[in-house]
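1. got a sequence here, can you model it:
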Amino acid sequence: MSTYEAHVTRNGNWWTISVPAVDGSTQAPTISDVTTMAKEHVAVTLDVPLSTVEVHLESLVVDGVGILGRARQVRAAREQAEQLEAQAVGHACALAHDLAGEGVPVRDIGEVLGVSDQRAHQLVTT
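-> The predicted model follows:
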(Lines give C-alpha, C1' and ligand atoms only; values in the text may rest on other atoms or scores of the structure.)
Protein backbone atom coordinates (compact mmCIF):
# COMPACT_ATOMS: atom_id res chain seq x y z
CA MET A 1 0.00 0.00 0.00
CA SER A 2 1.30 3.45 -0.91
CA THR A 3 0.38 6.69 0.86
CA TYR A 4 0.07 9.97 -1.03
CA GLU A 5 -0.19 13.49 0.33
CA ALA A 6 -3.16 15.54 -0.80
CA HIS A 7 -3.61 19.30 -0.69
CA VAL A 8 -7.19 20.57 -0.66
CA THR A 9 -8.45 24.08 -1.43
CA ARG A 10 -11.98 25.43 -1.40
CA ASN A 11 -12.85 26.97 -4.81
CA GLY A 12 -16.38 28.31 -5.01
CA ASN A 13 -18.71 25.42 -4.24
CA TRP A 14 -16.07 22.73 -4.78
CA TRP A 15 -13.00 21.34 -3.07
CA THR A 16 -10.01 21.13 -5.43
CA ILE A 17 -7.64 18.28 -4.62
CA SER A 18 -4.07 18.06 -5.79
CA VAL A 19 -1.73 15.16 -5.14
CA PRO A 20 1.84 16.30 -5.85
CA ALA A 21 2.99 12.75 -6.62
CA VAL A 22 0.67 12.60 -9.65
CA ASP A 23 -0.18 15.07 -12.39
CA GLY A 24 -3.40 17.04 -12.47
CA SER A 25 -6.06 17.58 -9.88
CA THR A 26 -9.61 16.54 -9.15
CA GLN A 27 -12.60 18.00 -7.36
CA ALA A 28 -15.10 16.96 -4.73
CA PRO A 29 -18.46 18.55 -3.91
CA THR A 30 -18.14 17.97 -0.15
CA ILE A 31 -15.25 17.55 2.27
CA SER A 32 -16.46 14.02 3.05
CA ASP A 33 -15.84 13.10 -0.60
CA VAL A 34 -12.27 14.44 -0.69
CA THR A 35 -10.43 11.29 0.39
CA THR A 36 -12.37 9.04 -1.98
CA MET A 37 -11.88 11.38 -4.92
CA ALA A 38 -8.16 11.75 -4.15
CA LYS A 39 -7.71 7.97 -3.97
CA GLU A 40 -9.57 7.48 -7.25
CA HIS A 41 -7.48 10.22 -8.89
CA VAL A 42 -4.24 8.52 -7.85
CA ALA A 43 -5.43 5.03 -8.82
CA VAL A 44 -6.61 6.12 -12.28
CA THR A 45 -3.58 8.30 -12.99
CA LEU A 46 -1.05 5.67 -11.94
CA ASP A 47 -3.15 2.73 -13.18
CA VAL A 48 -3.00 0.90 -9.85
CA PRO A 49 -5.74 -0.83 -7.85
CA LEU A 50 -7.73 1.53 -5.65
CA SER A 51 -7.18 -0.82 -2.70
CA THR A 52 -3.43 -0.09 -2.82
CA VAL A 53 -3.84 3.67 -2.41
CA GLU A 54 -3.96 5.62 0.85
CA VAL A 55 -4.26 9.40 1.05
CA HIS A 56 -3.08 11.67 3.84
CA LEU A 57 -4.59 15.15 3.97
CA GLU A 58 -1.59 17.47 4.19
CA SER A 59 -3.34 20.83 3.87
CA LEU A 60 -6.88 22.21 3.86
CA VAL A 61 -7.22 25.80 2.71
CA VAL A 62 -10.28 28.05 2.66
CA ASP A 63 -9.97 31.59 1.32
CA GLY A 64 -6.18 31.42 1.54
CA VAL A 65 -6.19 30.32 5.17
CA GLY A 66 -4.98 26.89 6.28
CA ILE A 67 -7.55 25.34 8.59
CA LEU A 68 -6.33 21.76 9.00
CA GLY A 69 -4.32 22.51 12.14
CA ARG A 70 -7.25 24.30 13.75
CA ALA A 71 -9.61 21.45 12.85
CA ARG A 72 -7.21 18.97 14.46
CA GLN A 73 -7.09 21.15 17.60
CA VAL A 74 -10.89 21.06 17.79
CA ARG A 75 -10.92 17.27 17.50
CA ALA A 76 -8.20 16.90 20.13
CA ALA A 77 -10.07 19.21 22.51
CA ARG A 78 -13.26 17.17 22.00
CA GLU A 79 -11.40 13.95 22.77
CA GLN A 80 -9.94 15.51 25.90
CA ALA A 81 -13.38 16.76 26.94
CA GLU A 82 -14.83 13.27 26.50
CA GLN A 83 -12.08 11.82 28.70
CA LEU A 84 -12.66 14.48 31.37
CA GLU A 85 -16.42 13.87 31.23
CA ALA A 86 -15.86 10.15 31.77
CA GLN A 87 -13.64 10.93 34.77
CA ALA A 88 -16.23 13.33 36.18
CA VAL A 89 -18.96 10.72 35.85
CA GLY A 90 -16.76 8.18 37.62
CA HIS A 91 -16.08 10.59 40.48
CA ALA A 92 -19.77 11.53 40.71
CA CYS A 93 -20.78 7.88 40.77
CA ALA A 94 -18.27 7.07 43.52
CA LEU A 95 -19.40 10.03 45.63
CA ALA A 96 -23.06 9.18 45.08
CA HIS A 97 -22.43 5.61 46.26
CA ASP A 98 -20.51 6.82 49.31
CA LEU A 99 -23.22 9.31 50.26
CA ALA A 100 -26.00 6.76 49.75
CA GLY A 101 -24.03 4.33 51.92
CA GLU A 102 -24.13 6.94 54.66
CA GLY A 103 -27.90 7.26 54.35
CA VAL A 104 -27.93 10.59 52.52
CA PRO A 105 -31.22 10.93 50.58
CA VAL A 106 -31.04 10.89 46.75
CA ARG A 107 -32.49 14.41 46.61
CA ASP A 108 -29.58 15.70 48.71
CA ILE A 109 -27.06 13.71 46.67
CA GLY A 110 -28.41 15.39 43.55
CA GLU A 111 -28.07 18.79 45.19
CA VAL A 112 -24.46 18.10 46.24
CA LEU A 113 -23.54 16.91 42.74
CA GLY A 114 -25.52 19.61 40.93
CA VAL A 115 -27.68 17.09 39.07
CA SER A 116 -31.37 16.23 39.01
CA ASP A 117 -32.87 13.76 41.46
CA GLN A 118 -33.30 11.33 38.58
CA ARG A 119 -29.65 11.58 37.60
CA ALA A 120 -28.57 11.18 41.22
CA HIS A 121 -30.70 8.03 41.42
CA GLN A 122 -28.98 6.70 38.28
CA LEU A 123 -25.56 7.39 39.78
CA VAL A 124 -26.47 5.66 43.03
CA THR A 125 -27.80 2.56 41.26
CA THR A 126 -24.95 2.07 38.78
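
2. quick one, phi/psi of Gly64?
-> Backbone torsions of Gly64, given as degrees, to the nearest 10, read phi 80, psi 0.

3. same deal with Gln27?
-> Dihedral angles (degrees, to the nearest 10) for Gln27: phi -130, psi 160.

4. ok, what's across the strand from it?
-> Thr16 (DSSP bridges).

5. that one reaches Trp15, doesn't it?
-> Yes. Contact criterion CB atoms under 8 Å: Gln27 and Trp15 qualify, at 6.5 Å. Where C-beta positions appear, they are placed from N, C-alpha and C, glycine not excepted.

6. which SS state does the residue of the chain positioned farthest from its centre fall under?
-> In the chain, Gly103 marks the outermost C-alpha relative to the chain mean, sitting 42.0 Å out by CA atoms, centre = their mean. Three-state call for Gly103 (DSSP: H, G, I helix; E, B strand; the rest coil): coil.

7. between Gln27 and Trp15, which one's more packed in?
-> When neighbours are counted by other CB atoms under 10 Å, Gln27 and Trp15 differ, and Trp15 comes out ahead with 23 against 16.

8. what ranges does the protein have for its helices?
-> Listed in chain order, the helices of the chain (DSSP state H) span 34-46, 68-101, 106-113, 117-125.

9. can you tell me which residues contact the closest residue to Val61 other than its chain neighbours?
-> Of all residues not flanking Val61 in the chain, Thr9 sits nearest, at 4.5 Å (CB to CB, 6 or more residues apart in numbering). Thr9 is in contact with Trp15, Thr16, Ser18, Val61, Val62, counting by CB atoms under 8 Å, 6 or more residues apart in numbering.

10. how many other residues sit next to Leu57?
-> Count around Leu57 with other CB under 10 Å applied: 17.

11. Leu113 and Ala92 touch, don't they?
-> Yes. Under the contact definition of CB under 8 Å, Leu113 touches Ala92, with a separation of 5.3 Å.

12. got any residues that touch both of those two?
-> In contact with both Leu113 and Ala92: Leu123, using CB under 8 Å, 6+ apart.

13. and the contacts of the least confident helix or strand in the chain by mean pLDDT?
-> Confidence across the helices and strands of the chain bottoms out at strand 65-66, with a mean of 94, counting by mean pLDDT, DSSP states H and E. Contact with strand 65-66 is made by Ser59, Leu60, as judged by CB under 8 Å, 6+ apart.
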